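K.L.:
Please work out how this folds:
(one chain, ligands or ions: 1)
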Amino acid sequence: MRYPVLEINVGKIRDNAARIKELLRQAGIPRLVGVAKGTCGHPAVVRAMLDGGVDAIGDSRVQNLERLRQAGISCEMVLLRAPGPSQVARAVEVADVSLGSDPGLFALLGKEAERRGKLHRVILMVDMGDLREGVWPDEAPEVARKIRNIPGLVLWGIGTNMACYGGVIPTREKMQALLEVKEEIEDAIGSPIEVVSGGNSANMGMVLARDVPEGITELRVGESILLGTEAVRRDRIPGCHRDAFKLKAEVIEVLSKPSKPVGEIGQDAFGRIPVYEDLGIRRRAIAATGRQDVDPESLYPVDPGIRIVGASSDHLILDVTEAENPVHPGDVLEFLVQYGTLLRASTSAYVEKVVV
Ligand SMILES: *Cc1c(COP(=O)(O)O)cnc(C)c1O
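P.N.:
Next up is the predicted model:
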């Protein structure tokens, strides 16, 4: 085995997908899009999501959807980030549905779909206050009318995405406001729209509370399926596995050293001026991974006595003084991950992905 390793337990991902699908059903949401971007569109992860019963697969990057098509996966695919002009051709090629907000870019998408003799379905994103993508609600009917007039496109629905930039929590009121936008659009275009895509893993709180207004037809869920947590407070979702992914790294040094650096303090490798508490002499280990592969703030040693004290690009520094199992050079240490590390480990070419 070549370390560091990102171990992917596909059985646990399948279980989580099935559990989230069931929770959505109980909350009256008929459709679940499983979002794969946290793993760069890993085909084994996506097959596990499909086995668990997701209705379609979503990813924000065209490359990841292409990777899945090349792996022979033929399910419905949703492109979650609007394609730019350089990507419309590939978007129409691999995706069945695209999210977006700009009429000009939608026009390019429509032209490409027409050229290929296809009808491409689009979801108009509406910004309900989080200030990432989406048109402002009062502009939505006018933009919807424009999209309706673009040959090659079908205005399949509307959607919103919250808790990503602004940290704004998707509440029942926000969902009701989105449903009002839907009605205004239907009045403006004179026909019903099918899909109301209510959000992401930050919406799992309202799902668990069964507090979703009628009319929300789908959620696009990544984190909750992959990591078993909801995305507002990072609470664990009852019945979901928290450990479908594990990061494993080799220990290359274990020594007793002071906890406070010795000498004048300037910037660290990332331009920060570090501050350290003096805890005296501690037993410290270095694991052979670092910020290039992991996000130390979203990495959790499985041994509860081990604490991460810092990281440079290629060295992860651990306090192992209170480790339950003594740590030696050459040992392999295990960590649970949150989203930041999942994304970075998936992206890093230095991390071996091992499916179990
Ligand atoms: C990433 C993303 C999602 C999934 O987010 P999670 O928090 O991982 O569930 C859903 N919709 C859009 C538009 C996204 O970009």
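
K.L.:
Report the secondary structure state of Met175.
P.N.:
Under DSSP: H, G, I helix; E, B strand; the rest coil, Met175 falls in the helix class.

K.L.:
low pLDDT regions in the stretch 1-150 of the chain?
P.N.:
Within the stretch 1-150 of the chain, the set of residues satisfying pLDDT under 70 is empty.

K.L.:
can you list the residues of it near the ligand?
P.N.:
Taking CB under 6 Å from any ligand atom as the test, the list of the stretch 1-150 of the chain residues beside the ligand reads Val35, Lys37, Ser60, Leu80, Leu99. (Glycine included, C-beta is placed from N, CA and C.)

K.L.:
ok, which pair from these is furthest apart?
P.N.:
In these, two members sit farther apart than any others by CB to CB. They are Lys37 and Leu99, at 12.6 Å.

K.L.:
Common neighbours of the two, please.
P.N.:
Taking CB atoms under 8 Å, 6 or more residues apart in numbering as the criterion, Lys37 and Leu99 both touch Leu80.

K.L.:
Please say which of these two ends up with more neighbours.
P.N.:
More crowded of Lys37 and Leu99, by other CB atoms under 10 Å: Leu99, with 25 against 18.

K.L.:
Can you tell me who the residue nearest to the more buried one when sequence neighbours are not counted pairs with across the strands?
P.N.:
If you skip the residues right next to it in sequence, Leu99 has Ile123 as its closest partner in space, 4.7 Å away by CB to CB, 6 or more residues apart in numbering. With DSSP bridges as the criterion, the beta-bridge partners of Ile123 are Leu99, Gly157.

K.L.:
Glu142 against Ile189, yeah?
P.N.:
No. Using CB atoms under 8 Å, Glu142 makes no contact with Ile189, being 10.4 Å away.

K.L.:
Neighbour count for the two, which is higher?
P.N.:
For the pair Glu142 and Ile189, the greater number of neighbours falls to Ile189 (16 against 12), based on other CB under 10 Å.

K.L.:
count of residues packed around the closest residue to the ligand within the stretch 251-356 of the chain?
P.N.:
At 7.0 Å from the ligand, Tyr339 is the closest residue in the stretch 251-356 of the chain, using CB to the nearest ligand atom. Burial of Tyr339 is recorded as 18 neighbouring residues (other CB under 10 Å).

K.L.:
shared neighbours of Glu142 and Ile189, anything?
P.N.:
Between them, Glu142 and Ile189 share no contacting residue under CB under 8 Å, 6+ apart.

K.L.:
which residue sits closest to whichever residue of the chain sits closest to the ligand, ignoring its sequence neighbours?
P.N.:
Nearest to the ligand, among the residues of the chain, is Gly222, at 2.7 Å (CB to the nearest ligand atom). With sequence-adjacent residues excluded and distances taken as CB to CB, 6+ apart, Gly222 is closest to Val35, at 3.2 Å.

K.L.:
so that neighbour bridges to which residues?
P.N.:
For Val35, the residues forming beta bridges with it (DSSP bridges) are Gly58.

K.L.:
Just the endpoints, please. Distance across stretch 197-213?
P.N.:
12 Å (CA to CA, to the nearest Å).

K.L.:
same check, this time on stretch 259-275
P.N.:
Across stretch 259-275, the terminal residues are separated by 11 Å (CA to CA).

K.L.:
Repeat that for stretch 55-73.
P.N.:
From its first residue to its last, stretch 55-73 covers 13 Å (CA to CA).

K.L.:
and what of stretch 200-220?
P.N.:
From its first residue to its last, stretch 200-220 covers 5 Å (CA to CA).

K.L.:
Repeat that for stretch 298-309.
P.N.:
First-to-last residue span, stretch 298-309, CA to CA: 13 Å.

K.L.:
ok, the residue nearest to Gly222 touching Ser197?
P.N.:
No. Counting by CB under 8 Å, Val35 does not reach Ser197; the two are 11.6 Å apart.
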